[in-house]
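# This is a predicted model, with the sequence first.
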2 protein chains.
Amino acid sequence: MKKTVKIGLFGFGCVGQGLYDILQNNTENTGFEAQILKICVKNKEKKREIDASYFTFDKDEILNNSEINLVVELISDAEEAYQIVKKALLSGKNVVTANKKMLALHLEELVRIQKETGTSLLYEAAVCGSIPIIRTLAEYYDNEFLYSVSGIFNGSSNYILSKISNENLSYDVALKQAQKLGFAEADPTLDVAGFDATYKLCLLATQAYGIFINPDEVLRIGINNLKKEDIDFAKNYSVKKENDQNTTNFKVKLVASISRIKSSENNQVLLYVLPVFVDAENPLYNVENENNAVLVEAAFSDKQTFIGKGAGGHPTGSAVLSDISALRFDYQYEYRKTDRNKEKNALGQTLISPTQNVEAEVYLRFENHLSKKELLQNIDFTEILTENENHIIGKIILSELFEKRDFIEKHHIFVALCGEVKAVN
Amino acid sequence: MKKTVKIGLFGFGCVGQGLYDILQNNTENTGFEAQILKICVKNKEKKREIDASYFTFDKDEILNNSEINLVVELISDAEEAYQIVKKALLSGKNVVTANKKMLALHLEELVRIQKETGTSLLYEAAVCGSIPIIRTLAEYYDNEFLYSVSGIFNGSSNYILSKISNENLSYDVALKQAQKLGFAEADPTLDVAGFDATYKLCLLATQAYGIFINPDEVLRIGINNLKKEDIDFAKNYSVKKENDQNTTNFKVKLVASISRIKSSENNQVLLYVLPVFVDAENPLYNVENENNAVLVEAAFSDKQTFIGKGAGGHPTGSAVLSDISALRFDYQYEYRKTDRNKEKNALGQTLISPTQNVEAEVYLRFENHLSKKELLQNIDFTEILTENENHIIGKIILSELFEKRDFIEKHHIFVALCGEVKAVN
């Protein structure tokens, strides 16, 4: 049954205003009954484009308003967002949120509260903006055996990589361009160091495999130590493939990935956010600029690629709108895979769990202040394939990379996957 | 509420067996209760891989069985499929079908019956196999103002085009390879002449714009008259773009498209299935071999591309499975855009309707038996841009192309869109 949605909105930044625009201007909208009743903002001084009567500075004016049946949470502070979302669900309101960090940190608890209260928590806009990947995983792949879900989840860093690669810019100039265009934050660490992609990956892990992942436990290395020379190196890097032909002309992409590791029980998954050398056969190769992409590999439906705008007021606003629209019909994510994991657990069956006991071929470039000897004293390779004065290509166990992440960061070492990834027996 | 699905299956070809495999082998399937009770097949002589007790040759053994609550229709005969689906819905059973021709011819009536009987008719597998485009349009874009939905909807013809383009094969050799690999039928007309893509386009028109289209009224020209020289011509074709740079190296793709034509009321759409010269900036450029792709352009969510396997027992079977899974929760397509059109109609507002009053730049190659003079006596161009002894590039009103389709077919003329498409004032 269709119901009228009465919205209390938190935050009126880029996405909040995008949503307001869409609700005002959507010409297809005949019969769509959603109304913004109140907007809670922080800054009392800021000039607003719309009537002042919409605004409040007290969150309880929304949370205690029994007329409001939907809270749309679009603020940036994760802790405050968590308090708002939790209280909204507990007071019986549905919630739509785009806050990936808050969700990645609290999803398990919030899903439990959703169940207990019979409310609905939707968050399509939190992962890859306009790409409907959460809904697709929740609905469409709920019975599929998934090999992997991976992709380019952060538009800012992809924009930077594209500009360096296609227009020969330096990292710093490309980053400044991204900031100027509003793709990257003033403090771009969330984007370029891979935090943003990691949060999104954790949310997809829940929908794709029914597991809850602590973002701190994901192997995460960003592009913040990348230089133009790494991209040039990848362009000229050459690998002999099975058919004995050489693959060359790789691009560097910041890839987030969760994949099953082949083993006797197929119950382990590897999660990472890492720079990767991708070749022209990879669907991510042609995903440029601020675009996002998600690649789903499944036993029966085979490979699916979804490409679209990952950020921006309107693409993200449209994802929020889709969630609002679904709430008119009381749509909920079912978490069927999570439920099945609980059933398996009750039966004493082995569950899917993360592993880093996986060997991968990596490219590792270091700066002059660090001698190769020093580097090799600190980072254990299982095999060194090639080396020269400023880089090493070799095989490494990914748990070793995870453990040495502080050393890597401290010494501005750039790391990228450049070859095979396989389970260690 | 979850319910147990008891299936009566019609047809046990490639997709039917794929479905059977998936239901048997899906290791994620704990708790998925769907059971095939009976399979109705035609051929009494054929050896079957599974127990004979499953099979019947009498369709009423399924249609009159009150234990069966879901009919899965996977036969090729469109007329017989229509009779089966209609009767199943009328007797209160839900239906999952992959029969695009049957749906394109009867969708309006079947949607009405679905409404009247409170049953559910799902058909994700009918359009682009494993790509969840029907569900995405029905659920996710139900409130979006869509500029266009287009793509590569036929895997066989795309395979043929890829092989000619990338491996220098002739059309005939590429077609034989496609047939050998099972991508194309013994009579490949359905694929290469664009019928299959047209049926799919009609189904997407309903989900994207709420309108029902007669497939005979779609401008449809296939690749059956294509020769390798057309692909070579496209490779060397050069167009000056707005930024004064030349675009070259086009590929020929068989593109199905529905798009809004810019006009004062934005209420007209152009539908076609045509060979198109696409450049490297088009997301369809890199979609090769038997892959399908759908491109959605929307006011707020911007451009989305979905790429995946369009055919084959397992990819199509997985789409059927997804529909079956959704039926455990009594999922229905809502046809919200269709309903809104009805509301608009009742209010006397103008509705979306198809138009061919659109001027397009086309490449038209003809054979020796036809003189250019004869050609120009039969086909009216609004402007001729370049011409030589065997081809013309010029502007033409698409309704003229539609009216001359028999002449084009009779004389084996190859036609492709090679430039701008715009409304005629």
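Looks like it came in fine.
# now for the helix or strand of chain A with the lowest mean pLDDT, which elements pack on it?
Within chain A, no helix or strand scores below strand A:246-247, which has a mean of 80 by mean pLDDT, DSSP states H and E. Other helices and strands packing on strand A:246-247, by 3 or more C-beta pairs under 8 Å, 6 or more residues apart in numbering or on different chains; DSSP states H and E, are strand A:239-240. To be clear about C-beta, it is placed using only N, CA and C from the backbone, and glycine gets the same treatment.
# which residues are contacting the strand it packs on?
A:246, A:247, A:248, A:279, A:419 (C-beta atoms under 8 Å, 6 or more residues apart in numbering or on different chains).
# ok, so of those, who is nearest residue B:349?
residue A:279 (52.0 Å; C-beta to C-beta).
# and the closest one, how far is that from chain B?
13 Å (C-beta to the nearest C-beta, to the nearest Å).
# residue ranges with poor pLDDT in chain A?
A:1-3, A:26-32, A:264-265 (pLDDT under 70).
# and if we set it to 50?
Chain A contains residues with pLDDT under 50 at A:1, A:27, A:29-30.
# The contacts of strand A:239-240, buried ones only, as a ChimeraX selection?
To isolate the buried members of these in ChimeraX, using 16 or more other C-beta atoms under 10 Å in any protein chain shown:
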select /A:279,419
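# and of the contacts of strand A:239-240, the nearest to chain B?
Nearest to chain B among the contacts of strand A:239-240 is residue A:279, at 12.8 Å by C-beta to the nearest C-beta.
# Isn't that closest one up against residue A:249?
Yes. With contact defined as C-beta atoms under 8 Å, residue A:279 reaches residue A:249; the gap is 7.3 Å.
# Quick one: distance of the helix or strand containing residue A:85 to the chain centre.
Following DSSP states H and E, one finds residue A:85 within helix A:78-90. Centroid separation for helix A:78-90 versus its chain: 21 Å, with C-alpha atoms, centre = their mean, to the nearest Å.
# Stretch A:241-254 too?
26 Å.
# Same question for stretch A:390-401.
Relative to where its chain is centred, stretch A:390-401 has its mean C-alpha point 24 Å off (C-alpha atoms, centre = their mean).
# Now the terminal residues of it, how far apart.
18 Å (C-alpha to C-alpha, to the nearest Å).
# Name all residues that make contact with residue A:161.
A:174, A:223, A:226, A:231, A:251, A:252, A:253, A:254.
# Confirm the third one sits in a helix?
No. Using DSSP: H, G, I helix; E, B strand; the rest coil, the assignment for residue A:226 is coil, not a helix.
# show me what contacts it?
Taking C-beta under 8 Å, 6+ apart as the contact definition, residue A:226 lies against A:161, A:164, A:171, A:252, A:275, A:414.
# For it, give me phi and psi.
Torsion angles at residue A:226 (phi, psi; degrees, to the nearest 10) stand at phi -70, psi 150.
# Likewise for residue A:337?
phi -70, psi -30.
# my guess is it contacts residue A:212, does it?
No. Residue A:337 is beyond contact range of residue A:212, at 11.4 Å (criterion: C-beta under 8 Å).
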